[in-house]
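with the input below, show me the fold.
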Amino acid sequence: MLCYVFIHLILFSFVALIATDDPIVKINDFEENLQQPKGIKPTIYEANDFELNPELEITEDNNIYSLVVKKWLAFARIQRYFCGETAQYKISLYYLDHFLGEPSINVFVDDVKVGVIEFHKPEDGKIDLNTESYKTLSGINIQKWSKIAFDIKNDVTKERTDKLHIQRVVFTQVGSFQGEKTELNNPEPLRIFETIEEQRTARSMLSRFLEYATKPVFENRMKELESLNTPAEWKERQREIRSRLPEYFGEFPERTPLNAKIIGKIEREKYVIE
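Numbering: from 1, shown residues only. Model prediction:
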């Protein structure tokens, strides 16, 4: 048993060494779990932190956002400028298995291809709609303000587009930057907030203010509704609310004939569609 573990560790080290030395890293099903150095937080970009191109859309399910290539499109790119520190990184891409084909993603740093992430359709032919998975690229040198791009090659089938749902991309420092550094400046000097945490806080300022400002109003409304016990009290409440509508929206115009015209009719056994 000990001999087996020793051989396994040797093979693991050999594969990791090859992946680090090769400038183009190709990842299939190999996944790593390297630890983040103490005191250094990973740089995490959620789905809605990337630039949204016309080829992409953001889906939401229980407050979990995903980037998805639009229906019938075979290619799309997501990108953003990296605001983490200059270092060597492991890139972990988290996704949901919403596909039956075999899509792939080419990864670029400052327009230089640094790796390929490949996805394989499940052996049983079933889509796993809920389980989050991830794939990684290791030994990727990234400078602060580098442009990170992911070119998604989508599998378009006759039935539908098998969509790869990308949830987030995590950049974990694994070492010092290797190679020659180039002079990179903040590409968006007028942006007040630079870090991703500051940007997320800024995006939520209006919604948080509205929630804070309207909370007493909603709490008072709930108390009023809880005090209604009879149909007569509910009808009086309805009359009161209706009387306030002109105050909120202005006076309503007089009712006029709609002059609706029937241009077609579909008759069914128990109903008619006009």
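
okay, which residue is most central for the chain?
Nearest to the centroid of the C-alpha atoms of the chain, with distances taken as C-alpha atoms, centre = their mean, sits residue 47, at 2.1 Å.

so that one touches residue 60, yeah?
No. Counting by C-beta atoms under 8 Å, residue 47 stays clear of residue 60, with 9.1 Å between them. From N, CA and C alone the C-beta is placed, and that goes for glycine too.

ok, back up a step: distance of the residue nearest to the centre of the chain from residue 213?
To residue 213, residue 47 is 28 Å away according to C-beta to C-beta, to the nearest Å.

check residue 56 too.
Distance of residue 56 to residue 213, given as C-beta to C-beta: 33 Å.

please apply the same query to residue 143.
Using C-beta to C-beta, residue 143 is found at 42 Å from residue 213.

repeat that for residue 139.
Applying C-beta to C-beta to residue 139 and residue 213 gives a distance of 49 Å.

which one's more surrounded, residue 56 and residue 213?
residue 56 (19 against 9; other C-beta atoms under 10 Å).

ok, for that one, nearest residue in space, not its chain neighbours?
Counting by C-beta to C-beta, 6 or more residues apart in numbering, residue 76 is the residue found nearest to residue 56 once chain neighbours are left out, at 5.3 Å.

pretty sure that neighbour contacts residue 51?
No. Contact criterion C-beta under 8 Å: residue 76 and residue 51 do not qualify, at 11.4 Å.

neighbour count for the two, which is higher?
Neighbours were counted for residue 76 and for residue 51 using other C-beta under 10 Å; residue 76 has more, 20 against 11.

who does the helix or strand where that one lies pair up with?
Using DSSP states H and E, residue 76 sits within strand 75-81. Counting by DSSP bridges, the strands paired with strand 75-81 are strand 147-153 (antiparallel).

may I see the buried residues of the strand it pairs with?
148, 149, 150, 151, 152, 153 (16 or more other C-beta atoms under 10 Å).

centroid-wise, who is the farthest residue in the chain?
In the chain, the residue that sits farthest from the middle, by C-alpha atoms, centre = their mean, is residue 232; the gap is 48.6 Å.

part of a helix, is that one?
Yes. Judged by DSSP: H, G, I helix; E, B strand; the rest coil, residue 232 forms part of a helix.

residue boundaries of the strands in the stretch 101-250 of the chain?
Using DSSP state E, counting those that start in this stretch, the strands of the stretch 101-250 of the chain run over 104-109, 112-118, 132-142, 147-153, 165-175.

let's have those strands in TSV, adding mean pLDDT.
Converted to TSV, these look like this (pLDDT from 0 to 100):
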stretch	mean pLDDT
strand 104-109	94
strand 112-118	93
strand 132-142	92
strand 147-153	92
strand 165-175	93
